[in-house]
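# mind folding the following:
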Amino acid sequence: MHAVILAGGKGVRLRPYTTALPKPLVPIGDQHAILEIVLRQLATAGFTSATMAIGHLGHIIRAYVGDGTQWGMKVDYAVEDSPLGTMGPLLTMLDRLPEHFLVMNGDILTDLDYADVVRRHADSGAPLTVATYARKVAIDFGVLTTDAGRVVGFAEKPSLDYRVSMGVYGLSRGTLAPYTPGLPLGFDELMLDLLAEEKLPHAYEFDGYWLDIGRPDDYDQANAEFTTLRGSLLKGA
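Okay, the predicted model is just below:
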C-alpha cells in the first residue's frame, strides 16, 4: 500500500512554532515529530511506501525522513515550486502511484485505521473516499428563520451537528486523469466537480480520536493528551 503525505504548507496559523520548523516536524509529547508518528502508524498498518509532497522548508523534512528505511518504508519526494493546493501535487506524480492509494495531511493526530480507508475505498468503487468526523457547534444566539420580512421560526441557542473532512482520503488514479499537472487543484474544487458530475464520493465515518493540529491551542491540546493516548496512537509501533 502507498500513501501520499501532504507536507508542503507554511503552517502560518501555528506560528511561532513553525517559524523555523515545518509544521509536520513540530514535536509532540516525548519529542516525537507529528510526521514521525504518522510514518510509524503507516508502517504498522502495512504501508510499504510513501511520497512526501514538500514545499516550504522541504529540505528539513527531507533531511529528517530520508528514504524512510528507519520506519521500514520506502519514501520518495515531490517538490512544489509554488503552492498547488491539496490535490494539485498528486497530478505531478500520477505515473508512480498505484490505482488506489491514501492521501493525508502530514499534521494530524488520529488513531484512524489508514489501511481500512484504502480497502474500503477500493471496495466502494467511488472516485474518492473522505474520512469524516462528527462535530457539534453551539450557537450563542437566538436563531431566527425569516420569510418575506416575517419571523416564521425560532430556536434559542441551538447546536448544529455535522461531519467534517479529517484531511485523510482514499483516492483512485483515474479520478485525477482529467486535470492538468502543474496547475493548482484544491480538495474543494475536486469535490464540487465530482458532485456536479454525480460521481458521488464515499464517506468513511470515524468516531475515534482525531485532532487537526492547525493552531497553537490544538498543539497544546495534542501535547497534553499524547501521554495518555500514546498506546492507541502508536500501537504495535
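# right, and Ser232 touches Tyr209 too?
Yes. The pair Ser232 and Tyr209 qualifies as a contact (Cβ atoms under 8 Å) at a distance of 6.7 Å. From N, CA and C alone the C-beta is placed, and that goes for glycine too.
# quick check: neighbours shared by these two?
Asp111 (Cβ atoms under 8 Å, 6 or more residues apart in numbering).
# mind listing what's buried in the top helix by length along the chain?
Once the chain is assigned using DSSP state H, the helix that runs over the most residues is helix 216-233. Using 16 or more other Cβ atoms under 10 Å as the test for burial, helix 216-233 gives 218-219, 222, 225-226, 229-230, 233.
# what's the mean pLDDT across the longest strand out of those in the chain?
Longest strand of the chain, by residue count under DSSP state E: strand 159-172. Taken as a whole, strand 159-172 has a mean pLDDT of 92.
# okay, and Pro184 sits in which element?
Using DSSP states H and E, Pro184 sits in no helix or strand.
# where in this structure is pLDDT low?
Under the criterion pLDDT under 70, the flagged ranges of the chain are 8-20, 30-31, 236-237.
# quick one: the strands in it?
2-7, 27-28, 32-33, 49-54, 74-79, 100-105, 108-110, 128-138, 142-147, 150-156, 159-172, 202-206, 210-212.
# report the angle between the axes of the first one and strand 74-79?
Here the directions of strand 2-7 and strand 74-79 differ by 40 degrees (axes from the mean of the first three to the mean of the last three Cα atoms, to 10 degrees).
# cool, and the fourth one?
Between the direction of strand 49-54 and that of strand 74-79, the angle (the same axes, to 10 degrees) works out to 30 degrees.
# tell me how far strand 49-54 lies from the chain's centre.
Chain-centre distance of strand 49-54: 13 Å, with Cα atoms, centre = their mean, to the nearest Å.
# next one: the first one
Taking the mean C-alpha point of strand 2-7 and that of its whole chain, the gap between them comes to 9 Å (Cα atoms, centre = their mean).
# hang on, the earlier thing: so what touches the longest strand of the chain?
The contact list for strand 159-172 (Cβ under 8 Å, 6+ apart) reads 90, 99-105, 108, 110, 112, 114, 117-118, 120-122, 127-139, 187, 202-206, 210, 212.
# out of the buried residues of helix 216-233, which is nearest to Gly174?
Distance to Gly174, by Cβ to Cβ, is smallest for Leu233 among the buried residues of helix 216-233, at 33.0 Å.
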